[in-house]
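Peer 1: Prediction below, plus the sequence it came from.
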Amino acid sequence: MYNIQELVQKSKNGDISSFMLLLKQKENDIYNISFSYTKNSYDAEDCISEASIKAFDKLKQLKNEEKFYYWFISILINVCRKNIKGKATVSSDEIINTIKDEFSYRSIDDRLIIEDLLSKLRKDERDIIALRYLKDYSIKEIASIMNMPLSTVKTKIYRTLSFLRAKNGGIKNEL
C-alpha cells in the first residue's frame, strides 16, 4: 500500500502516475458510487473521467492530503449530479431504485414499504442514508463528502430515521 500523503504531494507537483495510483486504490468504491448515480456503466466511467480531470486540475486547493478520497468523492458526486440533471431520461425514481436494490427483501410487502418510505425522502436525505447504511461510510466521512458540518449530518440522520420510523409505525433498528 502506498502512502496517501506522499502520493497526493507528488500529484500536486504534476505527477499523473501518482494521481492514478491514488484512484486505483479506491477504484471499486469510486465506480460503485458513480454507478449508483448514473445507473449506466458508460456514464459512470464518463463521470469518473470528468471528476478525475477536475480533481487533478484543482488538486493544489486540497489542504489536507489525508482527506483526498473524501474530497475526490465530493467532486465525483457533483459531477454525477450534473450528469443526471443533464439527462432528461434519468429521474429521481432511478436513484431511489439504486438504493432499493441494495436492500435484501424478505417479502414483497417489505419491498413496497421500503419503496414508499424512500420516495418520501428528500435527495440529500436519501444520499446520506445511502452513504451511511449502504456504503458504510462514517458520519465524519459523509460530512466531508456532502460538504456539510458534522452536526448537520448527525441531525439529518436522526431526523430521517425518526421520520422513517414514524411513517412505518415504528421501524426498529433495522435501518
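Peer 2: Perfect, I can see it now.
Peer 1: Quick one: find the helix or strand in this structure with the lowest mean pLDDT.
Peer 2: helix 92-102 (a mean of 53; mean pLDDT, DSSP states H and E).
Peer 1: Please tell me how far stretch 153-173 is from the chain's geometric centre.
Peer 2: 20 Å (CA atoms, centre = their mean, to the nearest Å).
Peer 1: How about residues contacting that stretch?
Peer 2: For stretch 153-173, the surrounding residues in contact (CB atoms under 8 Å, 6 or more residues apart in numbering) are 113, 117, 120-121, 124-125, 128-129, 132, 139, 142-143, 146, 148, 175. Every residue, glycine included, has its C-beta placed from N, CA and C.
Peer 1: Over to stretch 14-34?
Peer 2: The contact list for stretch 14-34, computed with CB under 8 Å, 6+ apart, reads 1-2, 4, 6-8, 10-11, 43-45, 47-48, 51-52, 55-56, 59, 68-69, 72-73, 76-77, 80, 135.
Peer 1: And that stretch, end to end?
Peer 2: Stretch 14-34 has an end-to-end distance of 25 Å (criterion: CA to CA, to the nearest Å).
Peer 1: I'd say E66 and E6 touch.
Peer 2: No - using CB atoms under 8 Å, E66 makes no contact with E6, being 11.5 Å away.
Peer 1: Alpha carbons of stretch 74-87, in CSV - could you do that?
Peer 2: In CSV, the C-alpha atoms belonging to stretch 74-87 read as follows (Å, rounded to 0.1, in the frame of the first residue of the first chain):
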residue,chain,number,x,y,z
SER,A,74,-17.5,15.0,-3.3
ILE,A,75,-16.2,16.1,-6.7
LEU,A,76,-17.5,12.8,-8.2
ILE,A,77,-20.9,13.2,-6.7
ASN,A,78,-21.2,16.7,-8.0
VAL,A,79,-20.2,15.6,-11.5
CYS,A,80,-22.7,12.7,-11.3
ARG,A,81,-25.5,15.1,-10.1
LYS,A,82,-24.7,17.4,-13.0
ASN,A,83,-24.8,14.4,-15.4
ILE,A,84,-28.2,13.4,-14.0
LYS,A,85,-29.6,16.9,-14.3
GLY,A,86,-28.4,17.0,-17.9
LYS,A,87,-30.3,13.8,-18.9
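Peer 1: quick check: mean pLDDT across that stretch?
Peer 2: The average pLDDT for stretch 74-87 rounds to 82.
Peer 1: E141 versus K135, what's the distance?
Peer 2: Per CB to CB, to the nearest Å, K135 is found 9 Å from E141.
Peer 1: whoops, I mixed them up, T38
Peer 2: T38 sits 21 Å away from E141, taking CB to CB as the criterion.
Peer 1: Which one of these two is surrounded by more residues?
Peer 2: Using other CB atoms under 10 Å as the criterion, T38 and E141 rank with T38 on top: 24 against 18.
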